[in-house]
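>>> Structure of the sequence below:
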Amino acid sequence: MRQPRILVTGFGPFLDNAVNPSEALARELDGQNLDGTTFIALAPLPVAYATAAGIVAARAEALDVGAILLLGLAATSPQIRVETTGRNVSTCAHPDARGIKKLGEVTIPGDPAQLSTRLDAKRVVATLTQNGVDAKISDDAGGYVCNDVYFRVLSGERMSGERPCLFVHVPLGAEQVPGLALLLGRAFLSGFTSRT
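Reported below is the predicted structural model:
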């Protein structure tokens, strides 16, 4: 029987953020075996509308992974945010890495206004906080590329019934916290114990 595999992604630099901790955390998880599950990193993911999600979907399909952990940077947040919801609209005025702006544009015409993860986000947060990590539930993945990727991956999951996913925003400097990558992996796996 093939060992379960999880795809974990992290973005590269964007806007004024020359270092994106999500990339380093994803790379640190690469190849790690936690409770019989192997994590495979896809990093750096380009900060590009639609393109990033397409890369994630193609890699998930090629590797036949069972689930997807999306990591991103929330530069103004002091804590980790476990995102429950992706929204079908872009609300950020900033351009992506290619200079493309999507302010006010619908992500996938005809899809619901929002989609939610099937994983137990509250359990993920509980696992993190029980291990001394400042984390909270969030229902707003932002209006930029993070939200775009999340909504598109959730939409793909809704259509196929496969590969549950979760987006976790990390603060600046998160890559410097010893053991955080492994803890994020374990917390993600805990979200499967009570799927909605």
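>>> and after the helix or strand of the chain with the lowest mean pLDDT, which helix or strand comes next?
Least confident helix or strand, the chain: helix 145-160 with a mean of 92, by mean pLDDT, DSSP states H and E. Next along the chain after helix 145-160, taking DSSP states H and E as the criterion, comes strand 165-170.
>>> Direction included, what does that following strand pair up with?
Strand 165-170 pairs in its sheet with strand 67-73 (parallel), strand 80-83 (antiparallel), by DSSP bridges.
>>> Against Glu61, how distant is the residue nearest to His94 when sequence neighbours are not counted?
Spatial nearest neighbour of His94, chain neighbours left out: Leu15 (6.0 Å); criterion: C-beta to C-beta, 6 or more residues apart in numbering. Backbone N, C-alpha and C define where each C-beta goes, glycine included. Leu15 sits 30 Å away from Glu61, taking C-beta to C-beta, to the nearest Å as the criterion.
>>> Now Ala43: which helix or strand?
Ala43 belongs to strand 37-45 when assigned by DSSP H and E.
>>> Tell me where the chain has helices.
21-29, 51-63, 121-130, 145-160, 180-190 (DSSP state H).
>>> per-residue pLDDT, the residue nearest the centre of the chain?
By C-alpha atoms, centre = their mean, the chain has its centre lying nearest to Leu70, at 1.8 Å. Per-residue confidence (pLDDT) for Leu70: 98.
>>> Good, wrapping up.
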